[in-house]
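Asker: 3D, please:
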Amino acid sequence: MSLKIIQCGNSLPFAYPVDPTASFQPGMIGQLYLYGNNIVCGVSDGTAPLGIIDDVKTTAFYQPAIDESKIVPVVTVQQGGRYLTTIDVIAALENPNISINSFICDIPVFLNQRNGNITIPAGTEANYDQDGDGIPDSVRYVCNYVYQVPGVPGDDSTSGSGRVTIWFNRMIFETDQFEVSMRYPLNANLFVSEAGLLTTRKPSDYHFPVALVLAPPTARSSNLCCLWL
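Answerer: Residues are numbered from 1 along each chain as shown. Purely as a prediction, here's the structure:
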């Protein structure tokens, strides 16, 4: 699911001519541009967001993985009161084909974005005790990232009409199109990133808040629930 409208009153979306060069999924934020002599709607850069896109025009679909956690047993050596891994350890994330710029982890690792493997380098401090003997014997990591959905080809719902649907009135909605590298506390202001994604990061003084966080994404539900302002 990329976009779910929960409550919008009696308002209806509006359809604008689509930017033929744009690529987007439902839940991203749209903006009007001048294309030749025509005004078209494409992906917002955050400076003049119009509303929420409810169409798809992409060659592949992407979804977020939020707070993915795993405990990896390791061999350690004690140094200076700390237990450090002695060799590099490879662990597999739940998904391959990861967008490299989206990946964050709470410990230093090396990512193979193609196959979704991470390497925990030698010298990493063990931070988890699996057998309960008081000595750390494992490394626990938590990471967020965006991955390409396997086996699902892209689509273009604008090809017949040449128009893209935009929701722009006050509403409550859920989307999985947001910056996964940020945290989303309750009632936090939401801005639009340079790539048309919702974010709690304010890219510049020219970016203004467009929504509020009603429910943050979690490992159980990767959707961000928002109030569009």
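
Asker: Just give me the residue right at the centre of the protein.
Answerer: residue 180 (3.7 Å; C-alpha atoms, centre = their mean).

Asker: Is the residue nearest to it when sequence neighbours are not counted bridged to anything, and to what?
Answerer: Among residues not flanking residue 180 along the chain, residue 144 sits closest, at 4.2 Å (C-beta to C-beta, 6 or more residues apart in numbering). The C-beta positions use only the backbone N, C-alpha and C, and glycine is treated the same way. For residue 144, the beta-bridge partners are residue 104 (DSSP bridges).

Asker: low pLDDT regions in the chain?
Answerer: 1 (pLDDT under 70).

Asker: how does it divide into domains?
Answerer: 3-56+157-228, 64-145 (automatic domain parsing).

Asker: and those domains, which is most packed in?
Answerer: Ranked by mean neighbour count, those are led by domain 3-56+157-228 with a mean of 18 (mean count of other C-beta atoms under 10 Å).

Asker: what about it, distance to the chain center?
Answerer: 13 Å (C-alpha atoms, centre = their mean, to the nearest Å).

Asker: can you tell me the distance between the two ends of that domain?
Answerer: Chord length of domain 3-56+157-228, first to last residue, is 13 Å (C-alpha to C-alpha, to the nearest Å).

Asker: can you check stretch 68-86 too?
Answerer: OK, stretch 68-86 end separation, C-alpha to C-alpha: 25 Å.

Asker: before we move on, the earlier item: need the domains of the chain in TSV with distance to residue 151, can you?
Answerer: Formatted as TSV, the domains of the chain follow (distance: least, C-beta to C-beta, whole Å):
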stretch	distance to residue 151
domain 3-56+157-228	16
domain 64-145	11
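
Asker: Tell me who's in contact with residue 131.
Answerer: residue 137 (C-beta atoms under 8 Å, 6 or more residues apart in numbering).

Asker: Wait, a strand at it?
Answerer: No. Judged by DSSP: H, G, I helix; E, B strand; the rest coil, residue 131 forms no part of a strand; its state is coil.

Asker: how much space between the residue nearest to residue 125 when sequence neighbours are not counted and residue 126?
Answerer: Leaving aside its chain neighbours, residue 125 sits nearest to residue 82 (5.3 Å; criterion: C-beta to C-beta, 6+ apart). Taking C-beta to C-beta, to the nearest Å as the measure, residue 82 falls 8 Å from residue 126.

Asker: how close does the residue lying farthest from the centre of the chain get to residue 125?
Answerer: Going by C-alpha atoms, centre = their mean, the residue of the chain most distant from its centre is residue 80, 38.6 Å out. Distance of residue 80 to residue 125, given as C-beta to C-beta: 10 Å.

Asker: Ok, residue 150 next?
Answerer: Residue 150 sits 34 Å away from residue 125, going by C-beta to C-beta.

Asker: Give the bridge partners for the residue lying closest to residue 76 once chain neighbours are set aside, please.
Answerer: The spatially closest residue to residue 76, leaving aside those adjacent along the chain, is residue 83, at 4.1 Å (C-beta to C-beta, 6+ apart). For residue 83, the beta-bridge partners under DSSP bridges are residue 78.
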